[in-house]
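S.K.: Requesting a structural model of the entry that follows:
(chains A and B)
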2 protein chains.
Amino acid sequence: MAGKKELKYIQSLGQKKHRDAEGLFIAEGPKLLAELIQEIPEQIDHVYALTEWTSAQQGKVYPFPVTDITEEELERISQLSTPNQVLAVLRKPEEKPMVRLKGELILLLDAVQDPGNLGTIIRIADWFGVSQVVCSRECADCFSPKVVQSTMGSIARVQLHYVDLPEWLQAQPDVKIYAAALDGQDIREVPKPEEGIIVIGNESKGIRPEVLQMADVKLMIPRIGQAESLNAAVAAGILMSYITT
Amino acid sequence: MAGKKELKYIQSLGQKKHRDAEGLFIAEGPKLLAELIQEIPEQIDHVYALTEWTSAQQGKVYPFPVTDITEEELERISQLSTPNQVLAVLRKPEEKPMVRLKGELILLLDAVQDPGNLGTIIRIADWFGVSQVVCSRECADCFSPKVVQSTMGSIARVQLHYVDLPEWLQAQPDVKIYAAALDGQDIREVPKPEEGIIVIGNESKGIRPEVLQMADVKLMIPRIGQAESLNAAVAAGILMSYITT
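M.R.: Got it, this is the predicted structure:
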């Protein structure tokens, strides 16, 4: 049972200004929470759960408090259209030191604004072994509930940085920049890089011109049919697949 | 200006039962509508637009009525969180003859339930020249507003069929079935097929066992990192890219 004030406080974490002020974010559902308990238990501040979830834990002892709540209470604090047993409040990770670039492949996102796309791209990075994703300030907030849910737990393994583009890129003169472009080289024929920055652009505008101009290699995904473009996350998945494997 | 009853009627097309009863669906925004006007003008029943959209048409004559509406009226009928100038009501296409299989690559979706994923996969099919997508009855409705928006116009070019699985598959004994599976063959090493059925599974459960058992070839996307899985649409994009190009 949670108090009214507490419920209202948790619900407020759906908004960026409250997440920023409190340094907290939320994650929901047994599958995602199981992954977060395994990866970042120290960041979990509080869990609110139906008895359905609590009894399935079979008496496990956790380093965070668990409050039993009712379905009505879960519905009030949940950001999902169909609430799913459990909601966790987590502390945001501490700012990590700046990105290592030598010997690393890095994803750079230029104004990826759809939360589902951002979360899906973080999951793609995790699948293909990319441990750092750099976001331009115009990207969606990686701690928004929809992003966290779409990462399916990869948010706990991938390091995220928000930077000013193109200033940040200009400060990385020794690293090759790869950018998706319709007039680029066929991705099937580009030698696989060991290090570099791979840029993914905005859903409708693509990569901004001043960043595209800085690209050393432009990459093109072959097209057979008539669609004008691919979804940003799908394009990122195809690029990363050819580049890393 | 549109009447209250008319606005309510259009708004009701957000629900499947009303779309099915009326044989209609809706599409929104100038970019998507421009594509639909080019591809399937004969299916457009009525357009409701702000003067912003109408005046940008520069006096073009269309074979469908255009009603000027106010921002408040658009907000009432729009299914988007941010309404975007124009909403069109379209007639669903007539049932096309059954799928051709000889010499064709076909995508088969087993219970793809997220509308965004379904629309994105239809767009992927269009990009990679796959003209037919077969959906199990458990898939999302391809005429739901979110699906139509996510296809970015590809809904006008890709033929869709809803069937009972696995009965439908059992009736196609001469065609090879390809299915994504974690224990499959590396997609980089599988010979590119000229024809066949490529199966994509449900977002959390994957491909149902009785369908997976029928697969002639299992396909695996190499993984380097730690994510447990990829988003269904991203996996479809990567598979189609290796299979078709």
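S.K.: those strands in chain A, which residues are they?
M.R.: A:24-28, A:44-49, A:66-68, A:86-91, A:105-109, A:132-136, A:159-163, A:177-186, A:196-200, A:217-220 (DSSP state E).
S.K.: Which strands border the fourth one, and is each parallel or antiparallel?
M.R.: Looking at strand A:86-91 with DSSP bridges, its partner strands are strand A:24-28 (antiparallel), strand A:44-49 (antiparallel).
S.K.: Among those strands, which comes closest to A:K96?
M.R.: Proximity to A:K96 (Cβ to Cβ) singles out strand A:24-28 among the strands paired with strand A:86-91, at 16.1 Å. Every C-beta, even on glycine, is put in place using the N, C-alpha and C of the backbone.
S.K.: Now mean pLDDT and mean neighbour count too, for the strands paired with strand A:86-91, in a markdown table please.
M.R.: Below are those laid out as a markdown table (pLDDT from 0 to 100; neighbours: other Cβ atoms under 10 Å in any protein chain shown):
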| stretch | mean pLDDT | mean neighbour count |
| --- | --- | --- |
| strand A:24-28 | 98 | 24 |
| strand A:44-49 | 98 | 20 |
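S.K.: Just send the strands of chain A back as a markdown table, with distance to B:A215 too.
M.R.: Output for these, formatted as a markdown table (distance: least, Cβ to Cβ, whole Å):
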| stretch | distance to B:A215 |
| --- | --- |
| strand A:24-28 | 34 |
| strand A:44-49 | 38 |
| strand A:66-68 | 42 |
| strand A:86-91 | 35 |
| strand A:105-109 | 32 |
| strand A:132-136 | 34 |
| strand A:159-163 | 37 |
| strand A:177-186 | 30 |
| strand A:196-200 | 32 |
| strand A:217-220 | 31 |
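S.K.: Go through these and name the closest to A:C142.
M.R.: strand A:159-163 (5.0 Å).
S.K.: Return the set of buried residues in that closest one.
M.R.: Residues A:Q159, A:L160, A:H161, A:V163 are the ones in strand A:159-163 that count as buried (16 or more other Cβ atoms under 10 Å in any protein chain shown).
S.K.: out of the residues you listed, who's nearest chain B?
M.R.: A:Q159 (12.5 Å; Cβ to the nearest Cβ).
S.K.: Give me the domain ranges for chain A.
M.R.: With domains defined by automatic domain parsing, chain A comprises A:4-91, A:105-244.
S.K.: With respect to burial, which of these scores highest?
M.R.: Of the domains of chain A, the one with the most neighbours on average (mean count of other Cβ atoms under 10 Å in any protein chain shown) is domain A:105-244, at a mean of 20.
S.K.: Now it: average pLDDT?
M.R.: Average pLDDT, domain A:105-244: 95.
S.K.: from the chain's centre, how far out does that domain sit?
M.R.: 12 Å (Cα atoms, centre = their mean, to the nearest Å).
S.K.: Just the endpoints, please. Distance across it?
M.R.: Separation of the first and last residues of domain A:105-244 by Cα to Cα, to the nearest Å is 9 Å.
S.K.: Would it count as contacting chain B?
M.R.: Yes: for domain A:105-244, a contact with chain B is found by Cβ under 8 Å from any Cβ of the partner chain, at A:116, A:120, A:123-131, A:150, A:152-154, A:157, A:188, A:204, A:221-231, A:233-238, A:241-242, A:244.
S.K.: Can you list the residue ranges for helices in chain A?
M.R.: A:4-12, A:16-22, A:30-39, A:51-56, A:71-77, A:115-127, A:145-151, A:167-170, A:209-212, A:232-244 (DSSP state H).
S.K.: Save those as TSV, and put in distance to B:R137 too.
M.R.: TSV is the format used below for these (distance: least, Cβ to Cβ, whole Å):
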stretch	distance to B:R137
helix A:4-12	37
helix A:16-22	40
helix A:30-39	25
helix A:51-56	29
helix A:71-77	29
helix A:115-127	25
helix A:145-151	26
helix A:167-170	48
helix A:209-212	44
helix A:232-244	25
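S.K.: Quick one: closest of these to B:I26.
M.R.: helix A:115-127 (21.2 Å).
S.K.: Could you save the domains of chain A as JSON lines and add columns showing distance to B:I37?
M.R.: Listed next are the domains of chain A as JSON lines, based on distance: least, Cβ to Cβ, whole Å:
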{"stretch": "domain A:4-91", "distance to B:I37": "33"}
{"stretch": "domain A:105-244", "distance to B:I37": "15"}
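S.K.: Out of those, which is closest to B:R208?
M.R.: domain A:4-91 (18.9 Å).
S.K.: Next, the distance between the ends of that closest one.
M.R.: Termini of domain A:4-91 sit 22 Å apart (Cα to Cα).
S.K.: cool, stretch A:41-56 as well?
M.R.: Distance between the boundary residues of stretch A:41-56 (Cα to Cα) amounts to 18 Å.
S.K.: Same question for stretch A:185-201.
M.R.: End-to-end distance of stretch A:185-201 (Cα to Cα): 17 Å.
S.K.: Then stretch A:84-97?
M.R.: Taking Cα to Cα, stretch A:84-97 runs 35 Å from one end to the other.
S.K.: Show me the contact partners of it.
M.R.: Stretch A:84-97 has contacts (Cβ atoms under 8 Å, 6 or more residues apart in numbering or on different chains) with A:10, A:13, A:19, A:23-30, A:33, A:36, A:40, A:43-50, A:52-53, A:74, A:77-78, A:143, A:159, A:161.
S.K.: same thing but at 6 Å, please
M.R.: A:23-30, A:33, A:43-50, A:52-53, A:77, A:159 (Cβ atoms under 6 Å, 6 or more residues apart in numbering or on different chains).
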